[in-house]
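**Student:** got a structure for you, letters missing:
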Ligand code: ZN
């Protein structure tokens, strides 16, 4: 039985990443949907850990992108901006090289398309409502599309007969059987925003066509201490405890 670990939005949270990797156990492949850095206190360490994983496919996220370039970061909120400037200074050359190696456009793997934001605009667009989901249906050729970026674990499920989308939030550890086209979001490893502060990830079983969301608790206080010690915004520490 092939098991593929799907992770996204680690956001330099090494404690959460280690908890996810331990909880997931042995996997055959790892698909990372982007934003390894941004917000959190351990960007280089998270990149080293991700880069060491076997059979890795990695997508570029908007924070990864913003750390690499000198693009204007005006579109980020003030706290995210402060954190980005810190990350730009902290990243090693090796880390930068890894971030640069990530795909800026969607990648196909079997019956899945992988994107950070959306298949139409992989780096920046959010699939947060059924209208955007609908607009993106024509932008990928596979049955299903993986997205991150919103930090919400869930499924935008298309129903052909009714020609409509529903938003499903399968309970953790509950297999979701893939049939009609859908957008699948594993949630965020390092900064969940769906009011469940536990680290989020998913396991995809390609032969069985099963999507299995997971949550795992980690030592949030340890990360909050790291954030404050690094001089990063206190708000980034606070939000981890509430999952927002
Ligand atoms: Zn993110």
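**Tutor:** Thanks, I have the structure now. Quick caveat: nothing in here was measured; it's all calculated off a predicted structure. Numbering: from 1, shown residues only.

**Student:** Quick check, residue 50 in contact with residue 36.
**Tutor:** Yes: shown here, residue 50 and residue 36 form a contact pair, counting by Cβ atoms under 8 Å, at 5.7 Å. Yep, even glycine has a C-beta here, placed from its N, CA and C like the rest.

**Student:** So these two - more neighbours on which side?
**Tutor:** The neighbour comparison of residue 50 against residue 36 (other Cβ atoms under 10 Å) goes to residue 36, with 34 against 19.

**Student:** check which helix or strand covers that one.
**Tutor:** Using DSSP states H and E, residue 36 sits in no helix or strand.

**Student:** after the lengthiest helix in the chain, next one along is what?
**Tutor:** Using DSSP state H, we find that the single longest helix of the chain is helix 78-90. The first helix or strand that comes after helix 78-90 along the chain, using DSSP H and E, is helix 93-101.

**Student:** Quick check: which helices or strands does whichever helix or strand comes after that following helix pack against?
**Tutor:** Toward the C-terminus, helix 93-101 is succeeded by strand 107-109 as the next helix or strand (DSSP H and E). Applying 3 or more Cβ pairs under 8 Å, 6 or more residues apart in numbering; DSSP states H and E, one finds that strand 107-109 contacts strand 112-114.

**Student:** Distance from the chain centre to the strand it packs on, please.
**Tutor:** Here the centre of strand 112-114 is set off from its chain's centre by 13 Å, with Cα atoms, centre = their mean, to the nearest Å.

**Student:** what is the rounded mean pLDDT of it?
**Tutor:** Strand 112-114 comes out with an average pLDDT of 98.

**Student:** Give me the buried stretch members for that strand, please.
**Tutor:** 112, 113, 114 (16 or more other Cβ atoms under 10 Å).

**Student:** now do stretch 195-214
**Tutor:** Neighbour counts over stretch 195-214 (16+ other Cβ under 10 Å) mark 196-204, 206, 211-214 as buried.

**Student:** Also stretch 161-177?
**Tutor:** 165, 170, 172, 176.

**Student:** Quick check: strands, which of those residues are part of them?
**Tutor:** Mapping those onto strands (DSSP state E) picks out 165, 176.

**Student:** Residue numbers of this structure in contact with the ion?
**Tutor:** Neighbours of the ion within the chain, by Cβ under 5 Å from the ion: 9, 35.

**Student:** Report the buried residues of the helix or strand of the chain with the lowest mean pLDDT.
**Tutor:** Lowest by mean pLDDT, DSSP states H and E among the helices and strands of the chain is helix 78-90, with a mean of 89. For helix 78-90, a neighbour-count test (16+ other Cβ under 10 Å) marks 80, 81, 82, 83, 84, 86, 87, 88, 90 as buried.

**Student:** Let's have those residues in a markdown table, adding distance to residue 101.
**Tutor:** Conversion of the buried residues of helix 78-90 to a markdown table gives the following (distance: Cβ to Cβ, whole Å):
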| residue | distance to residue 101 |
| --- | --- |
| 80 | 23 |
| 81 | 25 |
| 82 | 27 |
| 83 | 22 |
| 84 | 20 |
| 86 | 22 |
| 87 | 17 |
| 88 | 18 |
| 90 | 19 |
